[in-house]
Structure formats: structure tokens, C-alpha cells
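Enquirer: After the sequence you'll find the predicted model.
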Amino acid sequence: MRRKSYVVALLVAGAVCVTLAFSGPAFAYSKNDPMILKCGIANPPGDMKAKAIKRLGDMVGERTNGRIEFKYFYGTSLITKPQYVDAVARGIADISTGPISFVTGKIPELSIFEIYGAYEISRFLEMQEAVEPLLTKLFERKRIHHVVIQLPGSTIFPHKTKFLKRPEDWKGEKMRLAGRWQSTLAKMWGASPVFMPPSELYLALQRGVIDGYMLIYDIVYGLKLYEVGPYIMDSGFSNNIENVTMNLKKWNAMTKADQEIFTAAVQEIKPWIFHETLKYYEKIKKDMVSKGAKIYQLTPEEKSRYLKDAYSLYPEVRKISGEIGNQFMEILKDFREK
């Protein structure tokens, strides 16, 4: 009788262990012992990219009743911007954000997003919904959960002494660019492409290491680059997408209920990111102009000349993009600048 009771006890204990094992880590956190998500954000706290993640963190923390807590590491105190995929996949940071031009070398499927005018900025929200299922599938292979796409805004080409109104204006210039396809176009236009982190651009412009560069408004404003490169050509066309990444293990460690709360918060924040970013850009543009910057908006004809050269790269992009990359290209046909 005792032996039978002992066997039953062992079976019950085993069943409990199996249940716990298959339930995974989803129940390993609570309000008193919350899941901490380390956010490595290379941007400063006042930047829109950082504000979006902070807003998401506040919403998720409140709606999970404190079970999930975002902890913020700004600047390069945790990871650098080019590490926004690799370092998150390895768990050095749990959440980060960065432009895809930093990773197209390792993830060529994303190359199309680096091409100027790949999507109309005014249709950003529609474009995001169209590409996200495929983007999520791709990043899962990299041990990443895709969270949301941030709006980079219009592509700008600041320069020390002149507006770059035409591709011909690039001849002989030393230009800082971030990705393979940007550099390919710069060479086509007769420029010498250079890569360096945005933090080094101020001194590089002062010392004549470069003549100009490509970036987006918030970074130019945050680093005060308009002081040494005051001639800002605003192209009006897209370049890049910036996506918020999350460690896939951390995502899978959430309960289903908390994943639903997180996803609902992301859906709610999408239009906020779009509209607030556009408002923020208008505000900082006015401030830069008041401090000596000059902004030139391309005419439709000038814009068309740039895009004609950019679109000439499509056959080469198709060759290296693989099956998923070509699917992105097909999706973006409906969103491309005309």
C-alpha cells in the first residue's frame, strides 16, 4: 500500500514538472517581480524615436498593472545604433530602434527600403500595414520580434556651401552616406561616399573631411549639424524605414494576455508616431531656420531626376534580395513615388 502511494506521488510530481516545463517562462514575472525590458536607444530622450518607445513603455506598464516595465538606456550607454538587431537578438538589449540601412549588408532582403522613393511618405501608415506581416516573418528568423516601424520622414541632403538640387551637383563632393545603395548612387553622380557615425559629422564638416551628408531632420537638429552644414536640401522622398526590435525570447516569455495588451498598445501608437513626427519636424525646421539654416524643397522636376536614377537600381536590388526581398518589392509597387 505504501509502495503504491509512493508511485502515485511520483507520478503526480512528474505531471506537475511537465506542466511547468511546457508552460515555459510566461508565468515567471508579476507585479511584484516584473519583467524588465532593457531599451537600448541610441537617440537622446527628447528625440521622437526615443519618445515613441517611452510612450509605448508607459502604456504597456500601465495596462499590465506593472507586470512589464521598460528600463531606458539612452545614447550609446547600452548598445550603438548599428547593433539594433544583433545586440537585441543576443539579449544585450531587449528593445531597440534603428534604420534598416545599417543591416542591409547582413539582411539583403530589406534592400528595397533603402532606395530613395520606395514609398510615398503620405502613405506611410498604409505601407506599414502592408509590409509588417512579411517583416515579422523575416525578423523572427533573426531571433527578433518586430514591434513597429517609426517614420524617418523626408530624406535631406545638407551641405556646407550649396544646395544639392541636381545629381550633377554631387560631382567631386565627399558625402557621408549610410548604406550600399546610397553609396552606389553617390558614385554614379561623381561623389566620393564616406561612412561615419552621425556623432562624428560635426567635426568632419568643420575640418573638411566631408562636404555633406544624408540624414533625417531629428538627427540633424539634435546634433546641431545645421551650424556647420546650413544648406539643407529637402528631397520630399523616402529613404529607409526605422523599426523597433524586441528580443524574441522576451516576447515569447510573455503571457498571451500580456502579448495582446502589448500588441494593442502598438496599434494605438502607430498613428501617433506618424502625426507627431510630422509636427515635430515642422517645429524643428522653423527653429533651425531661425538659427541660420537654409532649407530648399526640390521641385517636382528636380525630384523626378533623382528618382529616375534611384529606380535604375531596381534590377540589381532584385538580384540580391532573395525571395522575401522580392516580395517586399512587389508589395511596394503600389506605394512607390510616381
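Expert: Yes, it's here. This is a predicted model, so every value here is computed, not measured. Residues are numbered from 1 along each chain as shown.

Enquirer: Would you agree Trp272 is in contact with Leu56?
Expert: No: in this structure Trp272 lies outside contact range of Leu56 using Cβ atoms under 8 Å: 9.5 Å. The way it works is simple: take the backbone N, C-alpha and C, and place the C-beta from them, glycine included.

Enquirer: Which of the two has more residues huddled nearby?
Expert: Each of Trp272 and Leu56 has its neighbours counted (other Cβ atoms under 10 Å); Leu56 has more, 23 against 13.

Enquirer: for the more buried one, phi and psi?
Expert: phi -60, psi -40 (degrees, to the nearest 10).

Enquirer: any idea how far it lies from Ser30?
Expert: Computed as Cβ to Cβ, to the nearest Å, the Leu56 to Ser30 distance reads 21 Å.

Enquirer: Same check on Asp218?
Expert: In terms of Cβ to Cβ, Asp218 sits 37 Å off from Ser30.

Enquirer: Could you do Phe274 as well?
Expert: Distance, Phe274 to Ser30, using Cβ to Cβ: 35 Å.

Enquirer: same check, this time on Glu323
Expert: Applying Cβ to Cβ, the value for Glu323 to Ser30 is 42 Å.

Enquirer: burial count for the nearest residue to Glu109 once chain neighbours are set aside?
Expert: Nearest residue to Glu109 in three dimensions, chain neighbours excluded: Gly325, at 3.8 Å (Cβ to Cβ, 6 or more residues apart in numbering). The tally of other residues near Gly325 (other Cβ under 10 Å) stands at 22.

Enquirer: Repeat that for Gly322.
Expert: By other Cβ under 10 Å, the residues close to Gly322 number 15.

Enquirer: got the contact list for it?
Expert: Taking Cβ atoms under 8 Å, 6 or more residues apart in numbering, we find Gly322 in contact with 108-109.

Enquirer: before we move on, which element is it in?
Expert: helix 314-332 (DSSP states H and E).

Enquirer: Name the residues of that helix that are buried.
Expert: 317, 321, 324-325, 327-329, 331-332 (16 or more other Cβ atoms under 10 Å).

Enquirer: Would you map the helices across the chain?
Expert: 2-23, 48-63, 86-89, 124-140, 180-188, 201-206, 217-222, 248-252, 256-290, 300-311, 314-332 (DSSP state H).

Enquirer: I'd like the ones you listed as TSV, with distance to Gln150 and mean pLDDT appended.
Expert: Listed next are the helices of the chain as TSV, based on distance: least, Cβ to Cβ, whole Å; pLDDT from 0 to 100:
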stretch	distance to Gln150	mean pLDDT
helix 2-23	34	44
helix 48-63	6	97
helix 86-89	15	98
helix 124-140	10	97
helix 180-188	19	92
helix 201-206	21	97
helix 217-222	10	92
helix 248-252	18	98
helix 256-290	6	97
helix 300-311	22	97
helix 314-332	18	97
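
Enquirer: do you know which of these lies nearest Gly75?
Expert: With distances scored as Cβ to Cβ, the stretch of the helices of the chain nearest to Gly75 is helix 48-63 (9.8 Å).

Enquirer: relative to helix 256-290, how tilted is the closest one?
Expert: For helix 48-63 against helix 256-290, the angle by axes from the mean of the first three to the mean of the last three Cα atoms, to 10 degrees is 150 degrees.

Enquirer: Buried residues, helix 48-63. List them.
Expert: By neighbour count with 16+ other Cβ under 10 Å, helix 48-63 contains the buried residues 48-57, 59-61, 63.

Enquirer: okay, now the domains of the protein?
Expert: As recorded under automatic domain parsing, the domains making up the chain are 17-152+240-281, 156-239+283-332.
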